[in-house]
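Novice: return a 3D structure for these sequence lines:
(4 chains)
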Number of protein chains: 2
Amino acid sequence: MEAVIKQERNLCITHILPIRDALDILSGKWKIPIIVALCVHKRRFKELHRDVQGITAKMLSKELKELELNKLVKRTVHDTSPVTVEYSITEYGHSLTPVINELRDWGMKHRDKIIYHPEEA
Amino acid sequence: MEAVIKQERNLCITHILPIRDALDILSGKWKIPIIVALCVHKRRFKELHRDVQGITAKMLSKELKELELNKLVKRTVHDTSPVTVEYSITEYGHSLTPVINELRDWGMKHRDKIIYHPEEA
DNA sequence: TGTTTTGCTTTCGTACAGGATACTAGTATA
DNA sequence: TATACTAGTATCCTGTACGAAAGCAAAACA
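Specialist: Alright, predicted model coming up:
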């Protein structure tokens, strides 16, 4: 095998690895939407449940636990009554802002493309 | 409900919608890795199969079809013998570059963080 | 006393993402 | 004649993501 091709293959693999790491943490239908909601403002469970449209309480609970484990989200319990729990983005969570912004920009452009040029070959 | 809160909720929802659109197209374990591989260089099926490590021929075939439907990837058949098929990124596919770069940057930082501060509270 | 609210958990179920393995057709090469 | 390479398909299977619906404990309100 030629050296150039070998090099290209390695380049390809090293490019993919960190992306896999990121996807492992962010993949699924709900994690990024939850992070976005919390970036706008910290929120309580019920508020999140309302604002992340379509999610069930079970999924919300499960996803929040995983995000907390990965230090992207912080959970704070206030001993009011009934107990209120507040979820907020951590500093580390905020480091995702550029990723999310790019994703949103692309999503908006894509939506425009689909709406205005739906059937182009 | 206060106007400010209502406004925040709308902000939240409009922020999430385009992200959902993007995720619908890019979600799953393989689509982004395939795109990255093709961004490095156009490739034939077997080459992709080798370079996107771990993917099965069935998944590769299926994902390529979906990417082609969304105009992110172009399929070209050369009538050599045996037939060779070449996959390449479209211009539209290249518009994902900023998203992918941010995702990779974050993935690299995350990997560093895990390796060097694995158990920080 | 019963209802509401909060923040979940539990149970049950389905659908699809993804994987393992084998196989195909056409050509070329040994 | 047999084997290998191309680009996939076909079958069968498993795991888990995700969803619907109900329940729960503690306090406050009516």
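Novice: pLDDT below threshold where in chain A?
Specialist: Scanning chain A for pLDDT under 70 picks out the ranges A:1-2, A:118-121.
Novice: any idea which helix is longest in it?
Specialist: helix A:3-26 (DSSP state H).
Novice: got the angle for whichever helix or strand comes after that helix vs helix A:3-26?
Specialist: Remark: after helix A:3-26, the chain's next helix or strand is helix A:31-40, criterion DSSP states H and E. Here the directions of helix A:31-40 and helix A:3-26 differ by 60 degrees (axes from the mean of the first three to the mean of the last three Cα atoms, to 10 degrees).
Novice: show me what helix A:31-40 is packed up against.
Specialist: Counting contacts by 3 or more Cβ pairs under 8 Å, 6 or more residues apart in numbering or on different chains; DSSP states H and E, helix A:31-40 is packed against helix A:45-51, helix A:57-69, strand A:73-78, strand A:84-89, helix A:91-94, helix A:97-116, helix B:3-26. For the C-beta atoms, the positions are set from N, CA and C on the backbone; glycine is no exception.
Novice: quick revisit: who's in contact with the longest helix of chain A?
Specialist: The contact list for helix A:3-26 (Cβ atoms under 8 Å, 6 or more residues apart in numbering or on different chains) reads A:31-32, A:70, A:72, A:96, A:99, B:29, B:32-33, B:36-37, B:39-41, B:50-53, B:100, B:103-108, B:110-111.
Novice: give me the distance between the residue nearest the centre of chain A and B:Tyr92.
Specialist: By Cα atoms, centre = their mean, chain A has its centre lying nearest to A:Ile32, at 2.0 Å. Relative to B:Tyr92, A:Ile32 is positioned 22 Å away (Cβ to Cβ, to the nearest Å).
Novice: circling back to that earlier point, so which of the contacts of helix A:3-26 reach DNA strand C?
Specialist: B:Lys29 (Cβ under 7 Å from any atom of the strand).
Novice: drop anything exposed from the contacts of helix A:3-26.
Specialist: A:31-32, A:70, A:72, A:96, A:99, B:32-33, B:36-37, B:39-40, B:51-52, B:100, B:103-104, B:106-108, B:110 (16 or more other Cβ atoms under 10 Å in any protein chain shown).
Novice: get me the contact residues on chain A for DNA strand C.
Specialist: So far as Cβ under 7 Å from any atom of the strand goes, chain A lies against DNA strand C at A:44-46, A:57-58, A:61-62, A:64-65, A:75, A:82-86.
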